[in-house]
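>>> predicted structure and sequence below. I'll ask about it afterward.
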Amino acid sequence: MLNEKIIQVLSYDLDPSRIKTREKGSVSLSYLEGFDIIDTANKIFGYGHWSYSVSTLEHVSQETNEKQNLVVGYKAIVSLTVYDHLHTKHVSREDVGFGTGIAKSLADAHEGGAKEAVTDALKRCFRSFGNQFGNSLYGGKSRSYGNQPPAQLEPPKQHSSQPPKQLQNATPQDYASLYNIGLSVVTQGEYLIVTGDDLFSKKDSIKSFGFRWDGKSKQWYKPIEQQAA
């Protein structure tokens, strides 16, 4: 169901700069933040090509800690669905997560615990798609992240008014949702150019990445420095 370009992006090793750590007792835990998981899903699968639902959200515990804060525990079961670009096929995942809310206010503690449980379950659903969603972090062992995806394009030193003609492939990592709808992004001198069929009908997806339409050349383009910004 997933096309080759998305599989290629999913196979990249995890960028160490995305990894966060926290202490739990005497153990240091590595993890990815919830917003990072969602942002990565939007980049790889595309906006509107994945969704999730909460089938269970259960209050499981409540106590007061030594600082007289309320500690509320929640369990959540989340179902995740990833679609192909036509929404005719899909892959589904389901997993359970737990969250703890700590606050002086009972309402704030419940809110924190419920949100954390849902986020934890969603992250565990996404882990089945591999390294880009932190699956390698669940083993509890240190990993090598030397085999990184291609580096971001550097800004050009000089600018020209028209893109040169020579084309080279650009990295698909940040444009996976465009690849998912049958498009490609290539470098053309100091510009990034979108190629593929039905370019105009897919303009909303293309414009969301900052590309502009050039009526003379009939191309969607943007300067490379915008990619590196």
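Received the coordinates, thanks. Numbers count the residues shown, from 1 in each chain.
>>> how about the strands in this structure?
20-24, 27-31, 50-64, 70-83, 90-103, 167-169, 184-188, 191-195, 212-214, 219-223 (DSSP state E).
>>> can you lay out the ones you listed as TSV showing mean neighbour count and mean pLDDT?
From N, CA and C alone the C-beta is placed, and that goes for glycine too. Shown next, in TSV, are the strands of the chain (neighbours: other Cβ atoms under 10 Å; pLDDT from 0 to 100):
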stretch	mean neighbour count	mean pLDDT
strand 20-24	9	84
strand 27-31	13	84
strand 50-64	13	96
strand 70-83	20	96
strand 90-103	16	95
strand 167-169	10	45
strand 184-188	18	77
strand 191-195	20	83
strand 212-214	13	84
strand 219-223	19	84
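>>> could those go into CSV alongside distance to residue 128?
Listed next are the strands of the chain as CSV, based on distance: least, Cβ to Cβ, whole Å:
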stretch, distance to residue 128
strand 20-24, 21
strand 27-31, 16
strand 50-64, 13
strand 70-83, 9
strand 90-103, 5
strand 167-169, 29
strand 184-188, 27
strand 191-195, 30
strand 212-214, 37
strand 219-223, 34
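>>> the ones you listed: which one's closest to residue 138?
strand 27-31 (9.4 Å; Cβ to Cβ).
>>> on that earlier part again, the strands of the chain: which one's closest to residue 134?
Among these, strand 27-31 sits nearest to residue 134 (Cβ to Cβ), with 6.9 Å.
>>> now the closest one - C-alpha only, CSV.
Output in CSV follows, covering the C-alpha atoms of strand 27-31 (Å, rounded to 0.1, in the frame of the first residue of the first chain):
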residue,chain,number,x,y,z
VAL,A,27,17.0,5.3,34.4
SER,A,28,17.4,7.7,31.5
LEU,A,29,14.7,7.2,28.9
SER,A,30,14.8,8.3,25.3
TYR,A,31,11.7,9.4,23.5
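>>> who's in contact with it?
19-23, 123, 134, 137 (Cβ atoms under 8 Å, 6 or more residues apart in numbering).
>>> what's the answer for stretch 79-86, then?
Stretch 79-86 has contacts (Cβ under 8 Å, 6+ apart) with 1-3, 45-46, 49-53, 55, 89-95, 122, 125-126, 129, 180-182.
>>> just checking, residue 193 touches residue 220?
Yes: if you go by Cβ atoms under 8 Å, residue 193 and residue 220 touch, sitting 6.9 Å apart.
>>> the spatially most central residue of the chain: what's it in contact with?
Centroid check for the chain by Cα atoms, centre = their mean gives residue 40 as the closest residue, at 0.7 Å. Applying Cβ under 8 Å, 6+ apart, we find residue 40 in contact with 132-133.
>>> hmm, residue 5 and residue 176 touching each other?
Yes: contact criterion Cβ under 8 Å: residue 176 and residue 5 qualify, at 6.6 Å.
>>> which one of those two has more residues nearby?
When residue 176 and residue 5 are compared for neighbours, residue 176 comes out ahead with 23 against 19, by other Cβ atoms under 10 Å.
>>> spatially, which residue comes closest to that one, not counting chain neighbours?
residue 44 (4.4 Å; Cβ to Cβ, 6 or more residues apart in numbering).
>>> check contacts around that neighbour.
Contacts for residue 44 (Cβ under 8 Å, 6+ apart) come out as 6, 9-10, 132, 176-177.
>>> highest neighbour count among the residues you listed?
residue 132 (26 neighbours).
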